[in-house]
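> Prediction below, plus the sequence it came from.
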Amino acid sequence: MTKKEKASFIFNFLIFIFTLFATISMIIGFHFMGEITVLSSRNFHAFKYFTVDSNVFAGLSSLIYMFLLILKNKGKIKEIPGLMHIFQLAASTGVTLTMMVTVFFLAPQSTTTYFDYFMNSNLFMHLLTPLLCIISFVFFEKSEISFAKTFYGIIPMLIYACYYLPNILLHLDNGKVLPKYDWYGFLAGGLGTIWLVIPIILLLTWGFSLGLWALNKKLAR
């Protein structure tokens, strides 16, 4: 392996391990930083959060990427398939969105302390794993993704929206959004804001995908 491939392998290994530990910890209710359980659910209810879904996607993508790096090093394949780089971009975009929304939208609204959103499993899911994904993709994973394919970075959020929005709309109380079902608070301003919120989130997600793509082209080569 080249030095960059070795670095990428290490980062992706850490991403997979962090994801595995954080996901299992949340599912079984293991708390190693106190009893703070913001944006956390036990059992498989944990997968209702985009935080968990995006991290699991990143962990699985990292696992496959490591396997392909090993095959390339053994001469079984010549290059990492282009589709794998798209998966890595989409995964990095998803966890970047998770981190940025937490840092600049959710945590500042905390009723207790800002750092409640970075406790226990969320320390990994909201901060450490996203940072590792960004660093690995931007600096060490040389890819030939075209500009048009940056839109693939939106797909994980689009899939999640197909669950999140109907879940809200099916549980309205006399036309009002219930915080219990809008756990991210995106429609806290009322149901009428849905036509503004959706485009903003999609544009923001694509912006992160585009930014990661541009930095990869500039710094990974």
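Nice, thanks for sending it over.
> Centroid-nearest residue for the protein?
By CA atoms, centre = their mean, the mean C-alpha position of the chain lies nearest to V95, the distance being 2.1 Å.
> Mind jotting down where the helices sit in the protein?
Along the chain, the stretches classed as helices by DSSP state H are 3-28, 50-73, 82-101, 121-123, 129-140, 155-169, 194-219.
> and the third one, what's its mean pLDDT?
Looking back up the chat, that one is helix 82-101. For helix 82-101, the mean pLDDT works out to 97.
> could you check the angle helix 3-28 makes with it?
Orientation check (axes from the mean of the first three to the mean of the last three CA atoms, to 10 degrees): helix 82-101 against helix 3-28 gives 60 degrees.
> Buried ones in helix 82-101, by neighbour count?
Going by neighbour count (16 or more other CB atoms under 10 Å), the buried part of helix 82-101 is 84-101. From N, CA and C alone the C-beta is placed, and that goes for glycine too.
> quick one, what contacts the nearest residue to P179 once chain neighbours are set aside?
Leaving aside its chain neighbours, P179 sits nearest to G185 (6.9 Å; criterion: CB to CB, 6 or more residues apart in numbering). G185 is in contact with L106, Q109, P179, counting by CB atoms under 8 Å, 6 or more residues apart in numbering.
> re earlier: surely the residue nearest to the centre of the chain meets F137?
No. Using CB atoms under 8 Å, V95 is not in contact with F137, being 10.2 Å away.
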